[in-house]
Each structure stands twice: as C-alpha cells, then as structure tokens.
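*Asks:* Next come a sequence and a model predicted from it.
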Amino acid sequence: KKEEERMIGEDSAATGESSSAAEAWRGLETPEDVANWLRELGKDEYISTFVSNEINGEILASLTSEELRDDLGVVNLKHRREIFTAVKAIGGMNKVEDMLPEHGRILDHLSNVRTFHSW
C-alpha cells in the first residue's frame, strides 16, 4: 500500500499534477466508480456510454466539451455544465474556458456583431 502511494505521488510529480489533485481522483479509479458518481449526479442516462468508453477519473478530468457532446453523447448543454461543475468540484478543469470552449466562440461572435453595427 505504501509503495502504491509513493508511486502515485511520483506519477503526479512527473505530470505536474499536485498531490491534492491526485488524491481527489483516487475515488474515481475505475469506470464503475465513474458510473456511481454519475448516478449520484442523477445522470444515469450516460452511465452505459461512460462505462463502454472506459472513462475513469483521470480521463474524466481531461474531457473537453466537444468530447462530452460528440463522443459520449452529452448533447444537452445543461447536463454538460452540471458534469463540468461536478468535475471542477473534485479537482479537475480549473478554467471555464477549458470546460466549455464554445462560450469563447459565442463571445467572439458577439464582439464582431457589436463592431459591425458600430460602423
């Protein structure tokens, strides 16, 4: 057990991940753990897809909005936001731009519209 904890710490240091972030994902080591986590969030409809794609905590922490939507079938924006908020709460995805990059595109579009109409 001690050896396993030491190895996890070394892996975290090698990837630049803080030990507290590594600790946060310890409870979501397997796809079944993620399935239980989704069940707690009330997102049961996505469990089979997450399990069949072998999504564990490490992968969950690095998912993009596009991957959630296109690859995992979370097409509902509200559901994606709820999943990202829950991921952030346990130590993943620190910036809103990382979570839902389409917001940046929307803001760019609005900025262009404002510039066009100011002529």
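*Replies:* Received, thanks. Numbering: from 1, shown residues only.

*Asks:* buried sites along stretch 45-61?
*Replies:* Buried positions in stretch 45-61, judged by neighbour count with 16 or more other Cβ atoms under 10 Å: Tyr46, Ile47, Phe50, Ile55, Asn56, Gly57, Ile59, Leu60, Ala61. For every residue, glycine as well, the C-beta is placed using N, CA and C.

*Asks:* Would you mind measuring from the residue nearest to Leu28 when sequence neighbours are not counted to Leu63?
*Replies:* For Leu28, ignoring the flanking residues on the chain, the nearest one in space by Cβ to Cβ, 6 or more residues apart in numbering is Gly57 at 2.9 Å. According to Cβ to Cβ, to the nearest Å, Gly57 stands 11 Å off from Leu63.

*Asks:* separation between Leu38 and Glu82?
*Replies:* 10 Å.

*Asks:* So those two - more neighbours on which side?
*Replies:* Using other Cβ atoms under 10 Å as the criterion, Leu38 and Glu82 rank with Leu38 on top: 21 against 15.

*Asks:* Fine by me, we can end here.
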